[in-house]
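In: Quick check, what structure comes out for this input:
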Amino acid sequence: MKAEENIQEEIDAAKVCKRRVDHLKENDNQVSMMAAQWRKKRLDRMLVDHFLRSGYYNTAIKLARHSSIEVLIWLLFSSGLIAEFLKNYITVMSFFS
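Out: Below is the predicted model:
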């Protein structure tokens, strides 16, 4: 009787260990997938920025739409307009001084 109880306790402990290992494996896969998605989106952001700076506006817009990062285009584009405005403003002001 005692031997059967010990065997059952060992089986129960093994089942608990297996559930824990399965949980860790599942969580590891989710983390890996999230990391891969983050890296892909980061690369797409860098490419959109590069395309905009290089004058490939249509390509940048298509990639941003495909990656669901359209907001980035407007942020980069508007910051570029502001920078251009300030550069022109400083050039004009230095001309008059």
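In: confidence score at the residue minimising distance to the centre of the chain?
Out: The chain has Trp38 as the residue nearest its centroid, 2.6 Å off, counting by CA atoms, centre = their mean. Looking at Trp38, its pLDDT is 87.
In: What strand or helix carries it?
Out: helix 2-54 (DSSP states H and E).
In: Can you get me a residue count around Ala14?
Out: 10 (other CB atoms under 10 Å). Placement of C-beta: from N, CA and C, glycine included.
In: let's have the chain start at 31 instead
Out: All set: I'll call the first residue 31, so the last point we hit is now Ala44.
In: which residues touch it?
Out: Residues near Ala44 by CB atoms under 8 Å, 6 or more residues apart in numbering: none.
In: Tell me the spacing between it and Ala33.
Out: Ala44 sits at a distance of 16 Å from Ala33 (criterion: CB to CB, to the nearest Å).
In: Which residue lies closest in space to Lys70, excluding its sequence neighbours?
Out: Nearest residue to Lys70, sequence neighbours excluded (CB to CB, 6 or more residues apart in numbering): Ser97, at 7.8 Å.
In: Who are the contact partners of the one you found?
Out: Lys70, Lys71, Asp74, Arg75, Val78.
In: Most neighbours out of the residues you listed, which is it?
Out: Neighbour-wise, the contacts of Ser97 (other CB under 10 Å) top out at Val78, 23 neighbours.
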